[in-house]
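Asks: Got a sequence here, can you build the structure:
(one chain, ligands or ions: 1)
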Amino acid sequence: MNRPDAVRAEGLRFRYGGVAALDGLDLAARTAEITAVLGPNGAGKTTFLRQVCGLAPVQDGTLTVLGRSIGGEDPTLRRDLGVVFQEPTLDAELTVMENLVLHGRLFGMSRSAARSGARELLGGFGLDGRSADRVRRLSGGLARRVELVRALLHRPRLLVLDEPTAGLDPEARAVFWSDVRAQVATAGTTVLFSTHYMDEAEVSDRVHVVAGGRAVASGSPLELRMSAGSGSVHLAVDAPGPLLAVLGAAGILALEAPGGVLVPHRDPAASVHGLCVLAARHGLRIDRVELRQSSLEEVFLSCVAAS
Ligand SMILES: Nc1ncnc2c1ncn2[C@@H]1O[C@H](COP(=O)(O)OP(=O)(O)OP(=O)(O)O)[C@@H](O)[C@H]1O
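Replies: The predicted structure is shown next:
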């Protein structure tokens, strides 16, 4: 389904003095989808997300967020945004509920609406028992989930998350993302987030790989893996030597791999027949054929290396 864009960036350039942070960034995040901005340190992810939130000016290029053209500070936009940035910003001395009510009040909610909204969200994320806990007593993972609840309290249309799970262990990260997915499924919230974790990008509907301030690849995680052209065919054989020799003589790149031979191929499925025919012609027996897709990590590394 083609949904309208909640965020659209075209030719964004941004400089901090002599440093170019964004260098012609084009990307889009569709409504009610999860979009990942995946890139190494210094790729420009935070700069871009700050622009989306109106916290950094648009120096060059165009940026549209929820139908508004962004030029810098825009107080009306803030109501439609829920934000979790890298640095924790809960008040450690207040309880979970006090933090949430404070946030609700800042966003113009009545005390009772903030309390009942907070209760509902905490309940939905299985955190009902934690509302009276002081934040300083929470684990890092729990505190991040409370930040997520706080970001959602005023019912934003767009959730912006800048490396929201940095520093969390894999289990805490998985719980955090299951909360986010639940929110998208129940409320249709649009999510735009940055990460340098490949496995996190896998949770998204669409990934933009960013390097050097530009999007160097875009697509669903599956599309990216397919388009990287680095799938492979694994041919299980007892002794790889003769098969490697036959493939080498035919000009086919092949590598010895555990249990057999690996043949990298842009379209692994299309190459299977030819490989089997070639082996059979030389009297070589293949026990099993397995198609392997490149991981998002391989795609990421190859995109960044080529940029
Ligand atoms: N306040 C600043 N002053 C000068 N240069 C900056 C500033 N903030 C960021 N930069 C530079 O701009 C570039 C992009 O930084 P940005 O923080 O947007 O990248 P990032 O992808 O979010 O990185 P990270 O994953 O490390 O947070 C980097 O070269 C960075 O050093």
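
Asks: Please count neighbours and contacts with C-alpha atoms only from this point.
Replies: OK.

Asks: A215 should be in a helix, yeah?
Replies: No. Counting by DSSP: H, G, I helix; E, B strand; the rest coil, one finds A215 to be strand, located in no helix.

Asks: in the sheet, who's paired with it?
Replies: V210 (DSSP bridges).

Asks: Share the number of residues neighbouring it, please.
Replies: 24 (other C-alpha atoms under 10 Å).

Asks: got a list of what it touches?
Replies: L25, D26, L27, H208, V209 (C-alpha atoms under 8 Å, 6 or more residues apart in numbering).

Asks: Contacts for the helix or strand containing L243, please.
Replies: Element membership of L243 [criterion: DSSP states H and E] is helix 240-249. Residues from elsewhere that reach helix 240-249 (C-alpha under 8 Å, 6+ apart): L253, A254, L255, E256, G260, V261, L278, A279, H282, L284.

Asks: hmm, try it at 6 Å
Replies: Defining contact as C-alpha atoms under 6 Å, 6 or more residues apart in numbering, one finds that helix 240-249 is touched by G260.

Asks: mean confidence score for it?
Replies: The pLDDT scores in helix 240-249 average 93.

Asks: now that helix, how far from the chain's geometric center?
Replies: Averaging C-alpha positions (C-alpha atoms, centre = their mean, to the nearest Å) puts helix 240-249 40 Å from its chain's average.

Asks: Beyond that helix, next helix or strand please.
Replies: Following helix 240-249 in sequence, per DSSP H and E, is strand 255-257.

Asks: That following strand pairs with which strands, parallel or anti?
Replies: Strand 255-257 is paired, per DSSP bridges, with strand 260-265 (antiparallel).

Asks: if we can go back for a sec, now, which of the contacts of A215 sits nearest the ligand?
Replies: V209 (10.7 Å; C-alpha to the nearest ligand atom).

Asks: And the strands in the protein, which stretches?
Replies: Here the chain has its strands, by DSSP state E, at 5-16, 19-30, 34-38, 60-65, 68-69, 81-84, 158-162, 190-195, 206-211, 214-219, 231-236, 255-257, 260-265, 288-292.

Asks: Quick one: residues in contact with the fifth one.
Replies: What that stands for is strand 68-69. Applying C-alpha under 6 Å, 6+ apart, the set of residues contacting strand 68-69 is L63.

Asks: so what strands line up beside it?
Replies: strand 60-65 (antiparallel).

Asks: before we move on, back to that, now the helix holding L243 against strand 260-265, angle please.
Replies: 20 degrees (axes from the mean of the first three to the mean of the last three C-alpha atoms, to 10 degrees).

Asks: Would you mind listing the buried residues in helix 240-249?
Replies: P240, L243, L244, V246, L247 (16 or more other C-alpha atoms under 10 Å).

Asks: Am I right that V37 is in contact with H196?
Replies: No. Applying C-alpha atoms under 6 Å, one finds V37 not in contact with H196, separated by 8.4 Å.

Asks: what about those two, which has more around it?
Replies: Under the criterion of other C-alpha under 10 Å, the comparison of V37 against H196 puts V37 first, with 29 against 20.

Asks: and the nearest residue to that one once chain neighbours are set aside, bridged to which residues?
Replies: Computed as C-alpha to C-alpha, 6 or more residues apart in numbering, the closest residue to V37 that is not its neighbour in sequence is S194, at 4.5 Å. Residues in a beta bridge with S194, per DSSP bridges, are V37, D162.

Asks: What's opposite D5 in the beta bridge?
Replies: Bridge pairing for D5 - DSSP bridges - gives R30.

Asks: Distance check, it against the ligand.
Replies: 22 Å (C-alpha to the nearest ligand atom, to the nearest Å).

Asks: Surely that residue and R30 touch.
Replies: Yes. D5 is within contact range of R30, at 4.1 Å (criterion: C-alpha under 6 Å).
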